[in-house]
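In: pasting the structure only:
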């Protein structure tokens, strides 16, 4: 673990230093998106990786985070940082409401139920006039400052904010992994009946994991809203986004602390670059490339790329 | 008012037959090897594109190209099994989910690359137009599609229950080991199940293409509907899927008619959640 910590700190230092040398807004944008997806995928990993409950509905939390902040800001002029907190509270609420019935379902039934919940959210938000329906919400342009969570002249402040969120997510994930909760979750994943017979309250620990997952995804939703300054249902809670979160974790290594981070740094730049360089005639090429990658990894290397770096421990 | 209501009921039942047909393949594959094919709707999309191109390139009416589309989809299903599914047949559920999700994205990507994201539709078919039966108006295409779906469902049911091959399929889905001892090659049965499962979607796609738009994402809604149908009818149950298809079709059109068309999809999904919470095995599912 000492070596792991060293690599982690080195990596974060490099990330923190990048904007000092690279002024290119496009590179900065890709890195911001990469770190945002890494943070969310870490969130997915807590429930999908550690606890083995495959959720295809995590984008709903992203949407709740983005929309809560936006509505509070637009209609009640509430500071986005407070909006972020409110978004977290609502996301946890949603996680509890959804998780309570859904966690009794197993395997495929749970996965499909989370798809259903995600899609229900999309339908509701697309038809709800108060939240802008299909048109979405434009954020008001405020004076650029950290307190207002808006920066117009440069992307670099956003870069550092999302870097902090990523470090926060890694710390949370590390604490979960090392704590008793982490052991319980892995027990639930490997053998739910065995875990129950040992007196582990399966429902309760799944709910805790789901709530943590919700918070980590929700803060990214707030961040995205403040970064792009425009949100609508298909940009914030699309099923494809939920799927990307799982795919990122799969590529890096499901159930591994740094799996989602590695996955995001492979997947997001790959997607963005193929989209930009292949342009319109390459429509669909990005999907073909990464779907083949996903299939190959799922068949031959289900432990993900992380396994390439850590031959020593299982 | 009364008339509109009957009209709605009829259209719900007609679309329900098609949902049932899409769901039959899904439920067969699930029942046999415990794998949920998340790419099921994408095969529907492929079938619809095949029917579309047969029309545009060779002027074949979807009704005539239907057998061709079905055979092509059967082959596609068998190929899918040998390339993608066989390696993960006893892998953890997570790998299986990701492989079928991978296929979903792959097929969508290929469709988008080859045929871009435009909505396309076969302009004029042999079955265009409307008929009135006992005062209820319906499109001829819809009627034929529903009839085709019922026939195809019936054929599948008959095949599984009354032919030697079908019984062998059922035997494998009930007990792999025992079937192996009886000399049934389960590998070949799995391939057959994928072939038939995907071919039924092919039939559905061919029938749908005469009155529905084709575009790369067309599968996603139908696939979700098929999940609901399968869950409602019970994973693995063919007659269950048939009844559930009609129920889903009715819920869809009635909630659209009585409440709001844009929300109808939501009610179907609520139906799914309600059913799996109360009776996770569905109406007619085995444990």
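Out: That came through fine. If you're wondering where the values come from, they're calculated on a predicted model, not measured in any experiment.

In: Pull out the buried positions in the helix of greatest length in chain A.
Out: Using DSSP state H to define each element, chain A has its longest helix at helix A:202-228. For helix A:202-228, the buried set under the neighbour-count rule, 16 or more other Cβ atoms under 10 Å in any protein chain shown, comprises A:202, A:205-227. In short, each C-beta sits where N, CA and C put it, glycine included.

In: That helix and chain B, any residue contact?
Out: No. Shown here: helix A:202-228 not in contact with chain B (Cβ under 8 Å from any Cβ of the partner chain), separated by at least 13.9 Å.

In: Walk me through which strands whichever helix or strand comes after that helix pairs with, and which way each runs.
Out: Next in sequence after helix A:202-228, counting helices and strands by DSSP states H and E, comes strand A:230-231. Neighbouring strands of strand A:230-231 in its sheet, by DSSP bridges, are strand A:137-138 (antiparallel).

In: Show me where chain B dips below the pLDDT cut-off.
Out: Low-confidence segments of chain B (pLDDT under 70): B:1-2, B:281-287.

In: ranges for the strands of it?
Out: B:130-133, B:136-139 (DSSP state E).

In: quick one, which of the ones you listed is packed in tightest?
Out: strand B:136-139 (a mean of 15; mean count of other Cβ atoms under 10 Å in any protein chain shown).

In: Contacts for that one next, please.
Out: Strand B:136-139 is contacted from outside by B:3, B:6, B:7, B:10, B:11, B:14, B:127, B:128, B:129, B:130, B:131, B:211, using Cβ atoms under 8 Å, 6 or more residues apart in numbering or on different chains.

In: out of these, which are inside helices?
Out: Among those, the members found in helices (DSSP H) are B:3, B:6, B:7, B:10, B:11, B:14.

In: possible to save those as CSV with neighbour count?
Out: Shown next, in CSV, are the ones in helices among the contacts of strand B:136-139 (neighbours: other Cβ atoms under 10 Å in any protein chain shown):
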residue, neighbour count
B:3, 10
B:6, 12
B:7, 16
B:10, 19
B:11, 22
B:14, 22
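
In: Let me have these in a markdown table, adding distance to chain A as columns.
Out: Formatted as a markdown table, the ones in helices among the contacts of strand B:136-139 follow (distance: Cβ to the nearest Cβ, whole Å):
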| residue | distance to chain A |
| --- | --- |
| B:3 | 28 |
| B:6 | 27 |
| B:7 | 24 |
| B:10 | 25 |
| B:11 | 21 |
| B:14 | 23 |
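
In: which one of the residues you listed is nearest residue B:191?
Out: Nearest to residue B:191 among the ones in helices among the contacts of strand B:136-139 is residue B:14, at 32.7 Å by Cβ to Cβ.

In: Not counting its neighbours along the chain, what's nearest the closest one?
Out: In space, and not counting its chain neighbours, residue B:14 is closest to residue B:146: 4.1 Å by Cβ to Cβ, 6 or more residues apart in numbering or on different chains.

In: Can you give me every residue that contacts residue B:200?
Out: Contacts for residue B:200 (Cβ under 8 Å, 6+ apart) come out as B:21, B:22, B:24, B:25, B:28, B:152, B:156.

In: Go through the residues you listed and say which is closest to residue B:228.
Out: Among these, residue B:22 lies closest to residue B:228 (Cβ to Cβ), at 10.8 Å.

In: How many residues are close by the closest one?
Out: For residue B:22, the neighbour count with other Cβ atoms under 10 Å in any protein chain shown is 30.

In: what does the stretch 51-200 of chain B put close to chain A?
Out: With Cβ under 8 Å from any Cβ as the criterion, the stretch 51-200 of chain B comes near chain A at residues B:84, B:87-88, B:91-95, B:97-99, B:101-106, B:108-114, B:116-117.

In: CSV for the contacts of residue B:200, including distance to residue B:258?
Out: Compiled in CSV, the contacts of residue B:200 are given as follows (distance: Cβ to Cβ, whole Å):
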residue, distance to residue B:258
B:21, 26
B:22, 25
B:24, 29
B:25, 31
B:28, 34
B:152, 31
B:156, 33
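
In: ok, back up a step: right, and the residue nearest to residue B:14 touches residue B:11 too?
Out: No. Contact status for residue B:146 versus residue B:11: not in contact, 9.6 Å apart, counting by Cβ atoms under 8 Å.

In: So which elements touch the lowest-mean-pLDDT helix or strand in chain A?
Out: Using mean pLDDT, DSSP states H and E, helix A:306-309 stands out as the lowest-scoring helix or strand of chain A, at a mean of 73. Packing partners of helix A:306-309 (3 or more Cβ pairs under 8 Å, 6 or more residues apart in numbering or on different chains; DSSP states H and E): helix A:259-278.

In: buried stuff in the helix it packs on?
Out: Within helix A:259-278, the residues scored as buried using 16+ other Cβ under 10 Å are A:259-268, A:271-272, A:274.

In: try stretch A:284-301
Out: A:284-291, A:293-295, A:297-299, A:301.

In: same question, stretch A:98-114
Out: Quick answer for stretch A:98-114 (16+ other Cβ under 10 Å): A:98-99, A:102-105, A:107-114.
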